[in-house]
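S.K.: output the structure for:
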Amino acid sequence: MKSKEKDYYRSLYEVAMVINSSLDPATVLAKIAEQVTLAIEAKACSIRLLDKQGKRLLLGASYGLSKGYLRKGAVEIEKSGLDQEALAGKSVTIRDACTDPRFQYPEKAREEGIASVMVIPLMIEDRAIGVLRVYSATCRDFAPEETEFLTVIANLSAIAIENARLHQALKADYELLAAYEYRLFDD
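M.R.: Model prediction:
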């Protein structure tokens, strides 16, 4: 087995471990972003989730990006051709984010030292709930093995996010029921 494949398996193992050990979305997504960055030997990784209106992508977690870059402004679906394609269910690669019109903030990418970007949709059944982005510091193409690895990670991320949402909803329902029973028997 090649060294790179071992890195992918090791990262998958780490991601599976954190998904099984925590229902805190911030913890899980931060670990996933870190593992993806290290396994792909990329500059950075971010995970963005659709807002309730489906118009913006909100930051869920990142690794390797500066605070200045993260504060560049909202990622608006209408202005980001890259994310429009990804949210339609396609994996998208941009070889040069600084010149590609599909990238919303090319000048900020140049300042951050971002060259290429790959975006993978986070899918629950046939519905996109966000994107996983991988950034490289040099212009490059992503190998098919890397795309496959990132797709698996994106699918695991989507499952982890959905599990955390379901857990939060169940917890809220339980607390509401407990408060109702307390009031019922207290009277």
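S.K.: every contact and neighbour count from this point should use C-alpha atoms.
M.R.: OK.
S.K.: pretty sure residue 22 is touching residue 29, no?
M.R.: No. Counting by CA atoms under 8 Å, residue 22 sits too far from residue 29 to count as a contact (10.4 Å).
S.K.: these two - which one has more neighbours?
M.R.: Here residue 22 and residue 29 are set side by side on neighbour count (other CA atoms under 10 Å), and the busier one is residue 29, at 25 against 13.
S.K.: that one in helix, strand or coil?
M.R.: Secondary structure for residue 29, judged by DSSP: H, G, I helix; E, B strand; the rest coil, is helix.
S.K.: contacts only, for it.
M.R.: Contact criterion CA atoms under 8 Å, 6 or more residues apart in numbering gives 47, 60-62, 157 as the residues in contact with residue 29.
S.K.: so what touches stretch 94-105?
M.R.: Under CA under 8 Å, 6+ apart, the answer for stretch 94-105 is 72, 75, 79-82, 106-107, 109-110, 114-118, 139-141.
S.K.: in strands, which of the residues you listed fall?
M.R.: With strands taken from DSSP state E, the overlap with these comprises 75, 117-118.
S.K.: got those as JSON lines, with distance to residue 148 columns?
M.R.: Formatted as JSON lines, those follow (distance: CA to CA, whole Å):
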{"residue": "75", "distance to residue 148": "25"}
{"residue": "117", "distance to residue 148": "15"}
{"residue": "118", "distance to residue 148": "12"}
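S.K.: pick the one among those closest to residue 129.
M.R.: Distance from residue 129 was checked for each of the ones in strands among the contacts of stretch 94-105 by CA to CA. The minimum falls on residue 75, at 14.3 Å.
S.K.: show me what contacts the closest one?
M.R.: When contacts are counted by CA under 8 Å, 6+ apart, residue 75 is found next to 56-58, 104.
S.K.: repeat the analysis, applying 6 Å as the threshold.
M.R.: Contacts for residue 75 were tallied using CA atoms under 6 Å, 6 or more residues apart in numbering; they are 56-57.
S.K.: let's verify the residue nearest the centre of the chain: helix, strand, or coil?
M.R.: Nearest to the mean C-alpha position of the chain, counting by CA atoms, centre = their mean, stands residue 47 at 2.2 Å. Per three-state DSSP, the local secondary structure of residue 47 is strand.
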